[in-house]
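Student: here is the input, now give the coordinates:
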Amino acid sequence: MQAEATSAYTCIAQAVSWTSSSLVDLRFEHSAVRMSEKELELINVALGCGTILGFFLAIFTVDWLGRKLVLIVSGICMVMGWFFIAAAANVPLLFAGRLSTGIGCGFCRIAVPLYIVEITQPDVRRKGLALVQCYIAAGIAIELIAATVVDYKTLILVSAVTSVCFTLMVVFLLESPYFFISTGRKECAIHVLKKLRQKEDVSEEVDQLEEFLKNTPKITFYEQAKIMLTNKAHLKATSISTLVLLLMEFSGPSAILSQAETVFTKAGMGDSAANASAMVSLDLVLCSPLLILLVRSNSIKKLLVVSSASCALVLMVLAIYFILQEAIDFRGIVWFPLLMLLLYYSLASLGILTFAVVLGSEVIHPDVKTASFAVASALGNVAQILTLLVIQSWPVTATFCLFATSATALTVLTAVFLPDTKDLTLKQIQELR
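Tutor: Got it, this is the predicted structure:
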């Protein structure tokens, strides 16, 4: 069940990395849609705007419609988005397509982490979250490698097929037992748990869920926001998950992938930029399975600290390289930025690319889940939009100085303030103070 749900991240990764080559194609006079630089910027941020809208729609519907139905709706939104993009002959339709795809991504980024945490047991939960990285890497690889061998329209078709497959798969998902019990359907929860755990006696787990939900009052969004701001423990958990997500985005992993060809062109790769982008995606695919092995014996906190610290070091080296490039001729080692970014994504795949995104689903308490998710997810996506604009408009030196500083701050934050959730049950994690 978790594999089908987690495949949503392949669709999200494809949507994010689609712009890497497509925005380059749309600059040419013979492109499907003639666009100015300002219009390209608008298309570039449309996905992020849609994702923010999807966040808020999901937050208000995931406890009403259920995790499964929200995931189905997300798939439909993404399929519609790719259809609009394929049919687009003008900027408004292309914008609508990216916006619709973004709404689908927003739904997924709320519903999928909740679903994974709620259906898995402690001994496999972290492995399930680690699997997210494999699906992200697969989506990026499909998009960036395909971009080197197919044309603009075919690349859209490739992306659409993945979204269609995801939508069909989630139709057959089992609903979360947590959702069933929270809506008074105990028998449905028992039926689902028997299938998930592959055993007949699930009474102990059902009793635990009932007790937990009994002590968790249902409150409105506004009441949650008030509790979140006035309760120190809730405010701390929300602040940590939000800051981790913000600093991850400002460290550049999402933005660099989204604008990979632009980054490599600025770095002096020229005509090799597209191939360099494909190499980065292949690097992610090769490194992602390692995370599943590492998460067996290491906590999320430890992996985040090591990953962010290592990424900060690599980004500092790149920033220094670009500073020196202004005074020294580095044409003989034009491959150096590619080598460093390959190393960067190898290290990022071991922590910050995955756990910074799903962290909130573990540390945020159900009492303030809706309000906290709204704050963390929306601000994280705003940060992603800003980093996209930074890559487009800032000098490459200043860009990587920002990324290095953010990765360093992320290391300090996770090392000092992030709680260790290794081997804790969902109830134990959510009761952390």
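
Student: pLDDT on stretch 396-415, on average?
Tutor: Averaged across stretch 396-415, pLDDT comes to 93.

Student: what are the contacting residues of that stretch?
Tutor: 240, 243-244, 247-248, 250-252, 263, 266-267, 301, 304-305, 308-309, 311-312, 315-316, 318-319, 322-323, 325-326, 352, 356, 390-391, 394 (Cβ atoms under 8 Å, 6 or more residues apart in numbering). Using the backbone N, CA and C atoms, a C-beta is placed for each residue, glycine as well.

Student: in it, which residues are buried?
Tutor: Going by neighbour count (16 or more other Cβ atoms under 10 Å), the buried part of stretch 396-415 is 396-397, 399-411, 413-414.

Student: low-confidence stretches in the stretch 51-200 of the chain?
Tutor: Along the stretch 51-200 of the chain, the parts satisfying pLDDT under 70 run over 122-130.

Student: for it, which segments count as helices?
Tutor: Using DSSP state H, counting those that start in this stretch, the helices assigned to the stretch 51-200 of the chain run over residues 67-87, 91-119, 122-146, 152-170, 177-182, 186-197.

Student: got the buried residues for the fourth one?
Tutor: Residues of helix 152-170 classed as buried under the neighbour-count rule (16+ other Cβ under 10 Å) are 152, 155-156, 158-160, 162-164, 166-167, 169-170.

Student: just how off-centre is the host helix or strand of residue 384 within its chain?
Tutor: Following DSSP states H and E, one finds residue 384 within helix 369-393. Taking the mean of its C-alpha atoms, helix 369-393 sits 11 Å from the chain's own mean (Cα atoms, centre = their mean, to the nearest Å).

Student: same check on stretch 60-75?
Tutor: On Cα atoms, centre = their mean, the centre of stretch 60-75 falls 18 Å from the chain's centre.

Student: tell me how far the ends of that stretch are from each other?
Tutor: 18 Å (Cα to Cα, to the nearest Å).

Student: just the buried positions in that stretch, please.
Tutor: Quick answer for stretch 60-75 (16+ other Cβ under 10 Å): 61-63, 65-75.

Student: cool, stretch 292-310 as well?
Tutor: For stretch 292-310, by 16+ other Cβ under 10 Å, it's 292, 294-295, 298-310.

Student: what's the farthest-apart pair in these?
Tutor: With Cβ to Cβ as the measure, no two of those lie farther apart than 292 and 309, at 21.2 Å.

Student: how many residues are close by residue 371?
Tutor: Counted with other Cβ atoms under 10 Å, the neighbours of residue 371 add up to 24.

Student: could you do residue 118 as well?
Tutor: 18.

Student: what does residue 42 give?
Tutor: Counted with other Cβ under 10 Å, the neighbours of residue 42 add up to 16.

Student: gap between it and residue 168?
Tutor: The gap separating residue 42 from residue 168 is 32 Å, by Cβ to Cβ, to the nearest Å.

Student: and if you look at residue 297?
Tutor: 36 Å.

Student: one more: residue 160?
Tutor: Residue 160 is 13 Å from residue 168, by Cβ to Cβ.

Student: quick revisit: what subset of the contacts of stretch 396-415 is buried?
Tutor: 240, 243-244, 247-248, 250-252, 263, 266-267, 301, 304-305, 308-309, 311-312, 315-316, 318-319, 322, 325, 352, 356, 390-391.

Student: in helices only, show me the residues you listed.
Tutor: 240, 243-244, 247-248, 250, 263, 266, 301, 304-305, 308-309, 311-312, 315-316, 318-319, 322, 325, 352, 356, 390-391 (DSSP state H).

Student: I am finished for the moment; much appreciated.
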